[in-house]
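> Provided below are the primary sequence and the corresponding predicted coordinates.
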Amino acid sequence: MNLGINLGVNPWAAAAMIGAIVVTSTAGEVLTAAAMKSIGDLDEIRAHSGLKGAIRAVVTCPLFFCGVGFLALAFFSLLFALNHMSLGLVAPASASLTVVTNTVAGKFFLHENVDRRRWTAAALICVGVYFLAH
Amino acid sequence: MSQAKLTARQWLILGLVAVCAPLGDACLSHGMSRLPAISLAHPATLIAAVFTPWVAGGIALLICFFASYLTALSWADLTFVLPATAFGNMIVEVLARFFQHEAVSPERWFGVILITIGVGYVAQGPSLTERPPACAPEAARHKAAIREAAIEEEQVQ
């Protein structure tokens, strides 16, 4: 695989590092989103029982901790990748691919309405990542 | 599905989501690039990196991001909140160019613009899928209390 760019590392290693960030952050974000949806509007909870009540509502949800665990893995994957590649490549590439994988996960795991417009948007993002790598 | 209208405060939270993440990433990158190369054979050095000033500052910003992100996820769909984080790509490129002095080619700028258009396209969909609270009894109690108060208010009127 020759992308014609100077990654600073083996291209397969770069792909693996970005892939690890994408997979772990997608799992984390989907689990966290599911947890927050099951809890309800934090602003409403905070208005009725204060900040402590809002924090209690979050920390008593097991799904939230599963999500945080995966997000922690994603964070250390990001730290590792930033130590080997530039921010201008790692951050947009991982963030953009995460949007695509989140769209897929949103449809199948969160049962969100992912219509043709959203799939088109996902394709636009993929092309954007291709140009970003150049 | 419903298209909830956001308040000024909710837009402010989405703004924090967009700004704190790229600023945090920039601080992390600045801090990590100053450290010697870390290998998988010595994972403890990755933990030690967390306590360096730039990385710690980046973590503080990312904590702000996470708090805003959780709040946003409590009243909007994941596919509605993500565009705010993707808008941060533009900020990252600007920071990479002017703060990190990295070379950002026109192709990369074009890629960022395409990504932002794509993400903005997603954002035009429904913002919220209503679901009954099932996880936290606290949240269920508060929602029930709000509904009862609204019914009582209607009966008084």
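That came in fine, so what should we check first? What you see is a predicted model, and the numbers here were worked out from it, not measured in a lab.

> From now on I want contacts and neighbour counts done on CA atoms only, so please keep to that.
OK.

> Check for me that A:His84 belongs to a strand.
No - read with DSSP: H, G, I helix; E, B strand; the rest coil, A:His84 is coil and lies in no strand.

> Give me the neighbour count for it.
Counted with other CA atoms under 10 Å in any protein chain shown, residues neighbouring A:His84 total 21.

> just checking, what's the longest helix in the chain?
Picking chain A for this. helix A:11-39 (DSSP state H).

> You answered for a different chain; I wanted chain B.
helix B:8-33.

> Does it pack against any helices or strands, and if so which?
Identification of packing neighbours for helix B:8-33 by 3 or more CA pairs under 8 Å, 6 or more residues apart in numbering or on different chains; DSSP states H and E yields helix A:62-82, helix A:87-108, helix B:53-75, helix B:78-98.

> if we look at the helix or strand following it, which residues are touching it?
Reading on from helix B:8-33 to the C-terminus, the next helix or strand found by DSSP states H and E is helix B:44-49. With CA atoms under 8 Å, 6 or more residues apart in numbering or on different chains as the test, helix B:44-49 has contacts from A:Phe76, A:Leu79, A:Phe80, B:Met32, B:Leu35, B:Ile38, B:Val55.

> Just the buried ones among the residues you listed, please.
A:Phe76, A:Leu79, A:Phe80, B:Met32, B:Ile38, B:Val55 (16 or more other CA atoms under 10 Å in any protein chain shown).

> Mean confidence (pLDDT) on the longest helix of chain A, please.
Averaged across helix A:11-39, the pLDDT comes to 91.

> thinking again about what came up before, turn the helices and strands packed on helix B:8-33 into JSON lines, including distance to A:Leu124.
Output for the helices and strands packed on helix B:8-33, formatted as JSON lines (distance: least, CA to CA, whole Å):
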{"stretch": "helix A:62-82", "distance to A:Leu124": "24"}
{"stretch": "helix A:87-108", "distance to A:Leu124": "10"}
{"stretch": "helix B:53-75", "distance to A:Leu124": "24"}
{"stretch": "helix B:78-98", "distance to A:Leu124": "13"}
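
> Out of the ones you listed, the one nearest A:Leu51 is which?
Taking CA to CA, helix B:53-75 is the member of the helices and strands packed on helix B:8-33 nearest to A:Leu51, at 11.9 Å.

> Just the buried positions in the longest helix of chain B, please.
Within helix B:8-33, the residues that count as buried by 16+ other CA under 10 Å are B:10, B:13-33.

> ditto for stretch B:107-122
B:108-122.

> B:Cys57 touches B:Cys27, doesn't it?
Quick fix: residue B:57 is Gly, not Cys. Yes - in this structure B:Gly57 lies within contact range of B:Cys27 using CA atoms under 8 Å: 6.6 Å.

> quick one on the thing from earlier: take the buried residues of stretch B:107-122 and keep only those in helices.
Among these, the members that lie in helices (by DSSP H) are B:108-122.

> check those residues against chain A, which are close?
With CA under 8 Å from any CA of the partner chain as the criterion, these include B:108-119, B:121-122 near chain A.

> Lowest-confidence member of the residues you listed, which is it?
B:Val122 (67).

> hmm, back to that, how far off helix A:62-82 does the longest helix of chain A point, in degrees?
Going by axes from the mean of the first three to the mean of the last three CA atoms, to 10 degrees, helix A:11-39 is angled at 160 degrees with respect to helix A:62-82.

> in helix A:11-39, what counts as buried?
A:14, A:17-39.

> Quick one: find the helix or strand in chain B with the lowest mean pLDDT.
When each helix and strand of chain B is scored by mean pLDDT, DSSP states H and E, helix B:137-156 comes last, with a mean of 60.
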